[in-house]
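Student: Attaching a predicted model along with its sequence, questions to come.
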Amino acid sequence: MVGPSAVGDGPGAPRSTPQHDFSSVRRSRRRGVSPAIRVRPRRELRAARRPRPHRCWGHLIAAPLWPMHGANLGTLLRTCDAVGACLAVPPFRWVDEAVARGNTLRRPGCVHRVGSPLSWLAAERAAGTRVLGVELADEAVRLGDLPAARGRTVVLLGHEATGIPPEALDQLHAVVEIPMVGHGHSLNVAVAGSLVLYKLAGLL
């Protein structure tokens with residue numbers, strides 16, 4: 001039998017796993033007492049949300065202009081609705097169907113359909129829009145250091161495999177990098193875009 005002093009003593013010694021006592025929570029539930037954490041019901045959440053989709057505020061625009069997987073577009077559209085942003089999509093024939101298939105919102109979101117991605121980016125930049133690319137690059141801003149957007153901002157997302165095309169890099173004002181400690185090359189484009197949108201919206 002191992003004595004108490006032999007567990008967790010000394011450098012490198014294994015530490016005992018803390019045992020959580022949930023018996024008090026179970027007793028509270030049996031007595032009809034509410035637990036310490038209250039999960040809000042759906043009817044309460046619906047009452048707190050907007051009764052209708054937001055209009056085009058023109059503040060944040062997620063721009064996956066070279067998509068490979070249609071499912072990412074629907075995921076990004078749901079994030080755009082959550083943070084009050086819009087989605088810009090390229091003029092591919094399959095994009096509209098992919099957005100409709102992947103979108104689980106009950107009401108339509110704000111979607112901008114652009115022509116030539118490079119021409120659209122140049123026009124946005126000329127109009128004073130700040131264009132941020134999500135890419136692994138030198139002198140990139142770490143996600144944690146990214147401030148909330150103060151003006152109209154485009155979040156440019158590249159191809160899932162090859163990233164942002166070289167010819168589009170000249171249209172960027174800055175690049176945002178999401179730190180990773182695993183062995184994967186990059187995050188899913190919808191996940192990466194969602195993280196950056198939440199940070200720019202000031203919700204993180």
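Tutor: Looks like it arrived, so ask away.
Student: need the strands for the protein, in chain order.
Tutor: Counting by DSSP state E, residue ranges of the strands within the chain are 60-64, 86-89, 111-113, 130-134, 141-142, 153-157, 174-177.
Student: Can you point out the buried residues in the second one?
Tutor: By neighbour count on 16 or more other C-beta atoms under 10 Å, the buried set for strand 86-89 is C86, L87, A88, V89. For the C-beta atoms, the positions are set from N, CA and C on the backbone; glycine is no exception.
Student: The third one now?
Tutor: When neighbours are counted by 16+ other C-beta under 10 Å, the buried residues of strand 111-113 are found to be V111.
Student: lowest-pLDDT helix or strand in the chain?
Tutor: helix 23-30 (a mean of 55; mean pLDDT, DSSP states H and E).
Student: quick one: low-confidence ranges for this structure?
Tutor: 1-35, 45-55, 102-108 (pLDDT under 70).
Student: try 80
Tutor: Applying pLDDT under 80 to the chain flags residues 1-35, 40, 42-57, 98-109, 185.
Student: would you list every one of the helices in it?
Tutor: Listed from the start of the chain, the chain has helices (DSSP state H) covering 23-30, 42-48, 71-83, 95-102, 117-126, 189-200.
Student: Would you convert these into JSON lines that also reports mean neighbour count and distance to A168?
Tutor: As requested, these are arranged in JSON lines below (neighbours: other C-beta atoms under 10 Å; distance: least, C-beta to C-beta, whole Å):
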{"stretch": "helix 23-30", "mean neighbour count": "11", "distance to A168": "53"}
{"stretch": "helix 42-48", "mean neighbour count": "8", "distance to A168": "39"}
{"stretch": "helix 71-83", "mean neighbour count": "21", "distance to A168": "18"}
{"stretch": "helix 95-102", "mean neighbour count": "16", "distance to A168": "18"}
{"stretch": "helix 117-126", "mean neighbour count": "16", "distance to A168": "6"}
{"stretch": "helix 189-200", "mean neighbour count": "22", "distance to A168": "15"}
